[in-house]
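[1] after the sequence you'll find the predicted model.
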Amino acid sequence: MKDHKLLASIAVFRELYDCNKDIYDVITNFIRSAIVLNSCWSLDTSKCSRLLRETYGFDLPEAVVKTCLKNRLKKNGELDIKDGQFVVTEHFNKTDTLIGHDEAVSDYDRILTDLIENIQKIRLSDESIDIEEVSKCFNEYIINPNYKNEYSNEISHFIISNQKNKEFNESLIKIEEGLILYTGIRFTAGINELGSWDNDLIIFLDTEILFSAAGLNGELYQKLFNDFNGLVDDANRSKQRNGKIQVCYFSEAEDEINSFFYAAERVFERNESIDPSKTAMHLILNGCKSRSDVATKKVAFYDTLKRLKISKKDHTNYYQHPEYNLESIDTINLLKDRFNNKDEDEEYSKILKTFTKINYIRKGESSVGIDKVKAILISAKRLTLNSAFSEVIRKDSRDIPFATYIDFMTERLWFKLNKGFGGDQGIPTSFKAVTKAQLALSSQISSQVTKEYKKLQSQLEKGLISRDIAIQINTELRIKPSKPEELNDNTVDIALEFLSSDLIEKTLREKSILETKSKEGEAANAQLLKLKNNEKNEAKEILRPQAKFKYYFTISVIYSVFPVAAALIAYFSKTAQDSNFALITGFCTLLAFFIQLISTKRINKFVCRQISRNYKIKLTSKFKAINKKYATGT
């Protein structure tokens, strides 16, 4: 659990630095505490270094430890030298241990517990998670977020999800900023010379970093470059400086850039689809109306590099001293065995060629501080970086690698220039844990998008999927949050789900399910429609006879009124002198009069209209009830 101790210790280191503002004083506090906790009252430099490793996880240069012992503890009278050993005196406080270390360990344990719970939720597994393995992966991630391990994606998800958690972020900030101070001590030759840049250094930029400088990889990557480049300007402007930092690129990077813009022209001409993860290609082609527009953007790109004082390094014979040559078949084979046999020999050969150039400028000296190393490459290519940090190329972990990440250089420059923390000055974006998590997860998503895109193109060419499905999947790939600035607590769940699934298979599976459901739904709908129509027909069969009966009954009643009226009039008009024959004659005359007076056609039409209206009202009401019944499925 060395790294466990280290992360808790550097959080305390950060807080002590705020109080002392002197690196040697902070380290001296840790030495005092290590001596007391181990009851080691007599020691030499090597033993003191070992105590720091065992107690706090610190692996510091012995020269730094020796300076603390001699120029701090001995000078203060707390140590004396006897028989080549540093021995404690009566002025040494044997109860002086670090305050806050236990609290830092508690904070670390709380974060780790929350992380484990988060992983269990994500993986939806009842299996117990190996806490030791999670802790190891978390430590590796914090120390180097670019290094992928079993839980890298879940850790990135965890950090991004908690970006608004104040307590969580304060704990992580202490660790991150403490780590910058700690690694600064390890990789800087003279920490007593902080505040200025004292030696010449050439920083070479790989293709992707050059694209970031010009803003072709998105806002966050450009911000990271601007933070780095601002520190380079500060170093070169310093009045105390004795050295200069140059930012350059090799001809190989220029060739890659030219090939990229040529590819953009071909894509424009052929109206081809673009890999959704290739942000630079999308930004170059965006707004282009002709091939010449792409050429214009290429000119603007190189103008931007000139404005930023980034130049191509003049040709040099890097092979005039064979002892600096790192290229060999054996080295290529070792790297292929170490990483990925699928990569071509040519890829490793290009990497080793670049490393040879760096090594030539260094004159073979890599075991010095970052400020004395003379040359280094900043890259974003995973294979280049993995090779640079591998034991095949980097024989000693204390050596400065031939290639590194941009945040590594930003941190080293920040430390060497003694920028410190707090105050009014802004902290580089890359120092934030959330930013590192966004970059790490974004890298994984971009790789997955590229993988899915290539698979999509292959299946489309083979006729395994239709063009409509291909368009649908390509649209899905484009909307995935692949840029680091697009990853936040609202989108990180979608991103992690994408990384854990096969988009093409998922889309085809969903399409199959929808088609099945559609077919089943059509059959069910047809059956429901049949039942509904049957009920409506039954309603018609019931209401229609009723309407007919009402019609005839009403007509009968109306027409029966006239004979009855004629009979009543004849009856009440009868006199004593009238005979029955006269009565019948009078009745028939009145009835004939009524028949002439009225229009049977109008009466029939009127009655029919009223009965029909009533029939339709009842039928509509019945149909509504039936429709509602089948709409609710009851």
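    Cool, the structure landed.

[2] for whichever helix or strand residue 15 is part of, what is the average pLDDT?
    With secondary structure defined by DSSP states H and E, residue 15 is part of helix 2-20. Mean pLDDT, computed over helix 2-20, is 73.

[3] ok, now stretch 453-469?
    pLDDT averaged over stretch 453-469 gives 76.

[4] could you dump it to CSV, C-alpha only?
    Output of stretch 453-469 as CSV, limited to C-alpha atoms (Å, rounded to 0.1, in the frame of the first residue of the first chain):
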residue,chain,number,x,y,z
TYR,A,453,-16.8,3.6,-37.1
LYS,A,454,-14.3,1.2,-38.8
LYS,A,455,-16.5,-1.7,-38.0
LEU,A,456,-19.5,0.1,-39.5
GLN,A,457,-17.7,0.9,-42.7
SER,A,458,-16.6,-2.7,-43.0
GLN,A,459,-20.1,-4.2,-42.5
LEU,A,460,-21.6,-1.7,-44.9
GLU,A,461,-19.1,-2.6,-47.6
LYS,A,462,-19.8,-6.3,-47.1
GLY,A,463,-23.5,-5.7,-47.3
LEU,A,464,-24.1,-7.0,-43.8
ILE,A,465,-26.1,-3.9,-42.9
SER,A,466,-28.3,-1.6,-44.9
ARG,A,467,-27.4,2.0,-45.7
ASP,A,468,-30.3,3.3,-43.6
ILE,A,469,-29.0,1.4,-40.6
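
[5] now do the strands in the stretch 51-200 of the chain.
    79-82, 85-88 (DSSP state E, counting those that start in this stretch).

[6] same list, those, but as JSON lines with distance to residue 362 please.
    Where you see a C-beta, it was placed from the backbone N, CA and C, and this is true even at glycine. Shown next, in JSON lines, are those (distance: least, Cβ to Cβ, whole Å):
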{"stretch": "strand 79-82", "distance to residue 362": "37"}
{"stretch": "strand 85-88", "distance to residue 362": "36"}
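
[7] could the ones you listed go into TSV alongside mean pLDDT and mean neighbour count?
    What follows is the strands of the stretch 51-200 of the chain, written out as TSV (pLDDT from 0 to 100; neighbours: other Cβ atoms under 10 Å):
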stretch	mean pLDDT	mean neighbour count
strand 79-82	92	15
strand 85-88	92	18
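
[8] run through the neighbouring helices and strands of the one helix or strand residue 609 maps to.
    Following DSSP H and E, one finds residue 609 within helix 600-631. Secondary-structure packing of helix 600-631 (3 or more Cβ pairs under 8 Å, 6 or more residues apart in numbering; DSSP states H and E): helix 503-573.

[9] residue 293: what's it in contact with?
    By Cβ atoms under 8 Å, 6 or more residues apart in numbering, the residues touching residue 293 are residue 287.

[10] surely it is within a helix?
    Yes. Counting by DSSP: H, G, I helix; E, B strand; the rest coil, residue 293 is found in a helix.

[11] from residue 628, how far off is it?
    Separation of residue 293 from residue 628 (Cβ to Cβ, to the nearest Å): 60 Å.

[12] kindly report the same for residue 303.
    Distance, residue 303 to residue 628, by Cβ to Cβ: 70 Å.

[13] kindly report the same for residue 362.
    84 Å.

[14] apart from its neighbours in sequence, what residue is nearest residue 173?
    In space, residue 173 comes closest to residue 433 once its chain neighbours are excluded; the distance is 7.2 Å by Cβ to Cβ, 6 or more residues apart in numbering.

[15] how far does stretch 327-346 stretch from one end to the other?
    For stretch 327-346, the separation between the terminal residues is 11 Å (Cα to Cα, to the nearest Å).

[16] residues contacting that stretch, please?
    Against stretch 327-346 from outside (Cβ under 8 Å, 6+ apart): 348-349, 351-353, 356, 383, 386-387, 390, 392-393.

[17] not counting sequence-adjacent ones, nearest residue to the most centrally placed residue in the chain?
    Among the residues of the chain, the one closest to the centroid is residue 487, at 3.8 Å (Cα atoms, centre = their mean). Excluding the flanking residues, the one nearest residue 487 by Cβ to Cβ, 6+ apart is residue 438, at 4.7 Å.

[18] tell me if that neighbour really is in a helix.
    Yes. Under three-state DSSP, residue 438 sits within a helix.

[19] that one is in contact with residue 491, isn't it?
    No. Using Cβ atoms under 8 Å, residue 438 is not in contact with residue 491, being 10.4 Å away.

[20] so between the two, which is more surrounded?
    residue 438 (27 against 13; other Cβ atoms under 10 Å).

[21] what's the burial count for residue 246?
    Neighbour number of residue 246 under other Cβ under 10 Å is 16.

[22] ugh, typo on my part, it should be residue 550
    15.

[23] surely it meets residue 613?
    No. Checked against Cβ under 8 Å, the pair residue 550 and residue 613 is beyond contact range at 11.5 Å.

[24] quick one: the residue nearest to residue 173 from residue 40, how far?
    35 Å.

[25] so for the two, which residue has more residues nearby?
    residue 433 (22 against 16).

[26] show me the contacts for that one.
    142, 159, 169, 172-173, 175-176.

[27] closest to residue 262 among those?
    residue 159 (39.3 Å; Cβ to Cβ).

[28] excluding its backbone neighbours, what's nearest that closest one?
    Nearest to residue 159 is residue 437, by Cβ to Cβ, 6+ apart, at 4.0 Å.
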